[in-house]
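J.: Sequence first, predicted model second:
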Amino acid sequence: MNIKKLVPYLVLALLSVSVLTACGSSTVDVGLNTYSITLSKSSVSAGEVTFHVHNDATDLTHEFVVFKTDLAQDQLPLTSEGIVDEEGGGLTVVDEVEDVEPGMTTDLTVTLEPGNYVLLCNIDSDEMHYQHGMHVAFTVK
């Protein structure tokens, strides 16, 4: 077997793997705690993103909502009930997972464009999760 004849094919194969890896999806681990959200990374490249969401709280049900917005994470418009107005100006709801029970893990896969995002819990119970600080800024490059 002549190795010199195989070199162009090997180079093409390696380039193909590099392109596929660059275009692949990103995974972000999300911890929903009692009135806080932790992320394994605060930014990703544009494209498919899987949020691996785990409710680490022992006594509270949460939800996980992805908003595209240029508003500051703690300045989102609120309804008269005190939760984030999901139809408010300056916000676009990308997707969400509701009813994440204590100890539960679920995945949310979305395609994100470059820009600024806010990830939050918008539970509308007496606890007002967003107002207690359950939000975090997220950037897509």
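T.: Arrived safely.
J.: who does the spatially most central residue of the chain bridge with?
T.: Residue closest to the average C-alpha location in the chain (CA atoms, centre = their mean): F51, at 5.0 Å. Beta-bridge partners for F51, by DSSP bridges, are V28, L108.
J.: mind checking pLDDT for it?
T.: Looking at F51, its pLDDT stands at 98.
J.: Wait, it touches S25, no?
T.: No - using CB atoms under 8 Å, F51 makes no contact with S25, being 10.9 Å away. C-beta: built from backbone N, CA, C; applies to glycine.
J.: who's in contact with T38?
T.: V30, G31, V136 (CB atoms under 8 Å, 6 or more residues apart in numbering).
J.: Let me fix that, I meant to ask about K41.
T.: S26, V28.
J.: picking up where we left off before, and the residue nearest to the centre of the chain, how far from L78?
T.: Going from F51 to L78 by CB to CB, to the nearest Å gives 24 Å.
J.: just to revisit the earlier point, just the buried ones from the contacts of T38, in PyMOL syntax?
T.: Selecting the buried subset of the contacts of T38 in PyMOL, with 16 or more other CB atoms under 10 Å as the burial test, is done by:
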select buried, resi 30+136
